[in-house]
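Trainee: Sequence first, then the predicted structure:
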Amino acid sequence: METTAPSDDALELFWAEARKVAGLTRLASVIGVGATESLTPPAWSFGDSAEMADELLGLVLAGRKTATSSARWEWEADGEPLPEPGDLAIVCDGSGEPRALVRTVAVDVVPFDKVPAEHAAAEGEGDGSLAAWRRDHDAYFTAALARVGRTFAPDMPVVLERFELLHPRPRRR
């Protein structure tokens, strides 16, 4: 089952709450409202299914997942710029509910076969080993790249993103 896109109202409500809780509005009364405080960050879910989105979000909320990776070729196919340190994002669960505000702290692009073990461990998935990361991501990237007309290769560029959790929200009942 694919993930559901969040509603604009849900995003706006979450963003209003998250930016206050995360302390992003403290300087607004002194220096005015800037882009960080006024623009709703992009919203997305991890993975390619509602189940994967929920599982990986759970790792973020538990503090086990502080990194993610994606194929650079997907970014290029979508015409999207790569994330940059300082970028904010709203992470949604598989049903499209906004659940976390994260800030990117580091971004590197490396060949798939040069991804370091530290990054694999920071992704918090499976047993945290580089071997498991490579096995799981080989399969994931093979499927993801097929959708954009590309083929997995061991030396393909992978975007490694580290992030920090600024605001978690429990699931609404």
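Mentor: Thanks, I have the structure now. Residues are numbered from 1 along each chain as shown.

Trainee: When you work out contacts or count neighbours from here on, use the C-alpha atoms and nothing else.
Mentor: OK.

Trainee: Could I get the average pLDDT for the longest helix seen in the chain?
Mentor: Ordering each helix of the chain by length in residues (DSSP state H) puts helix 130-146 first. Averaged over helix 130-146, pLDDT sits at 96.

Trainee: Equivalent analysis for stretch 89-102, please.
Mentor: 96.

Trainee: Need the distance between the two termini of that stretch.
Mentor: One end of stretch 89-102 sits 5 Å from the other (C-alpha to C-alpha, to the nearest Å).

Trainee: cool, stretch 135-154 as well?
Mentor: End-to-end distance for stretch 135-154: 11 Å, by C-alpha to C-alpha.

Trainee: what's next to that stretch, contact-wise?
Mentor: Contacts to stretch 135-154, defined as C-alpha atoms under 8 Å, 6 or more residues apart in numbering, come from residues 70-71, 73-74, 77, 111-113.

Trainee: What of stretch 47-54?
Mentor: Here stretch 47-54 has contacts from 1-4, 45-46, 56, 92-95, using C-alpha under 8 Å, 6+ apart.

Trainee: Could you export that stretch as CSV, CA atoms only?
Mentor: Extracted as CSV, the C-alpha positions of stretch 47-54 are listed here (Å, rounded to 0.1, in the frame of the first residue of the first chain):
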residue,chain,number,x,y,z
GLY,A,47,10.3,4.5,1.7
ASP,A,48,7.8,3.4,-0.9
SER,A,49,4.9,2.0,1.1
ALA,A,50,2.8,3.0,4.1
GLU,A,51,4.3,0.1,6.1
MET,A,52,7.8,1.2,5.4
ALA,A,53,7.0,4.8,6.1
ASP,A,54,5.5,3.9,9.5
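
Trainee: mind listing what's buried in that stretch?
Mentor: By neighbour count, with 16 or more other C-alpha atoms under 10 Å as the criterion, the buried positions of stretch 47-54 are 47, 49-54.

Trainee: Repeat that for stretch 77-92.
Mentor: 83, 88-92.
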